[in-house]
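> Okay, structure incoming, though there's no sequence with it:
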């Protein structure tokens, strides 16, 4: 049973925990499909295949992984800050599933109930990427992969945007002074990449 039949794992991940959870879902999905590999010893992400059909978040993830690979925590943070993930937030707000702002009084009560229902433990545990979307790192079925996510610790550089995130303004973490767009992400979670899930609330 999935939490909501018309919401994708990426939608559910964003609703429950924000951009960082979306990044985790993307990485787990790409790993399961054999499109990337994540090493257990160095916790680095390498692209295996950049061809084939993929959604915008997966495309963004692959574009952010150089041929020499990239450490898991930074890869996860870059995906979370990407325009593709910000677009999910814009769409969910347009659909009324997220409030337009923290002070918004226009969030429909039925939509709010729908989101709250996602937070409850379903009668039947979701499977695959939906399980990761609902439970975060703890929902990763692959024991070795889950251990990598659980034990990896990434500390952003002192002057990285991740150490002083600005809500609703995704930035290019590789070029900290360049704004990617003015899309509202609505979250500032994901700065702590250690332990279970970097997810937060809104």
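Structure received. What you see is a predicted model; the values in this text were computed from it and never measured. Numbers count the residues shown, from 1 in each chain.
> What helices and strands are in contact with the helix or strand encompassing residue 76?
Residue 76 is part of helix 72-80, with elements assigned from DSSP states H and E. Packing partners of helix 72-80 (3 or more Cβ pairs under 8 Å, 6 or more residues apart in numbering; DSSP states H and E): helix 19-32, strand 44-47, helix 56-63. C-betas here are computed from N, CA, C, even on glycine.
> try 7 Å this time
helix 19-32, strand 44-47 (3 or more Cβ pairs under 7 Å, 6 or more residues apart in numbering; DSSP states H and E).
> quick one: average pLDDT of that helix?
Predicted confidence along helix 72-80 averages 96 (mean pLDDT).
> again, but for stretch 16-36
For stretch 16-36, the per-residue pLDDT averages 96.
> Could I get the buried residue list for that stretch?
16-32, 35-36 (16 or more other Cβ atoms under 10 Å).
> try stretch 50-70
54, 57, 58, 60, 61, 62, 64, 65, 69, 70.
> any idea which of these is closest to residue 41?
residue 69 (12.3 Å; Cβ to Cβ).
> any idea how far residue 23 is from the closest one?
16 Å (Cβ to Cβ, to the nearest Å).
> of all the helices and strands packed on helix 72-80, which lies closest to residue 126?
Per Cβ to Cβ, nearest to residue 126 of the helices and strands packed on helix 72-80: helix 19-32, 11.8 Å.
> From the contact counts, what lies against that closest one?
Against helix 19-32 (3+ Cβ pairs under 7 Å, 6+ apart) you get helix 9-17, strand 36-38, helix 56-63, helix 72-80, helix 83-94, helix 128-135, helix 143-151.
> of all these, which lies closest to residue 48?
strand 36-38 (5.6 Å).
> For that closest one, give me every contacting residue.
30, 31, 45, 46, 47, 48, 65, 72, 145, 148 (Cβ atoms under 7 Å, 6 or more residues apart in numbering).
> Need the worst-confidence member of the buried residues of stretch 50-70.
Where pLDDT dips furthest among the buried residues of stretch 50-70: residue 54, at 83.
> wait, is that one part of a helix?
No: secondary structure of residue 54 (DSSP: H, G, I helix; E, B strand; the rest coil): coil, not part of a helix.
> quick one: contacts for the residue lying closest to it once chain neighbours are set aside?
Spatial nearest neighbour of residue 54, chain neighbours left out: residue 62 (7.1 Å); criterion: Cβ to Cβ, 6 or more residues apart in numbering. Shown in contact with residue 62 (Cβ under 7 Å, 6+ apart): 35, 47, 50.
> go again using 8 Å as the cut-off
30, 35, 36, 47, 50, 54 (Cβ atoms under 8 Å, 6 or more residues apart in numbering).
> measure it to residue 74 for me?
15 Å.
> Can you pull out the low-pLDDT segments for the chain?
1-5, 100-125, 159-202 (pLDDT under 70).
> Please repeat the previous calculation with a cut-off of 50.
The chain contains residues with pLDDT under 50 at 1-4, 103-107, 123, 165-192, 199-202.
> my read: residue 147 touches residue 40, true?
Yes: counting by Cβ atoms under 8 Å, residue 147 touches residue 40, with 7.4 Å between them.
> in a helix, that's where residue 126 is, yeah?
No: under the criterion used here (three-state DSSP), residue 126 is coil, not part of a helix.
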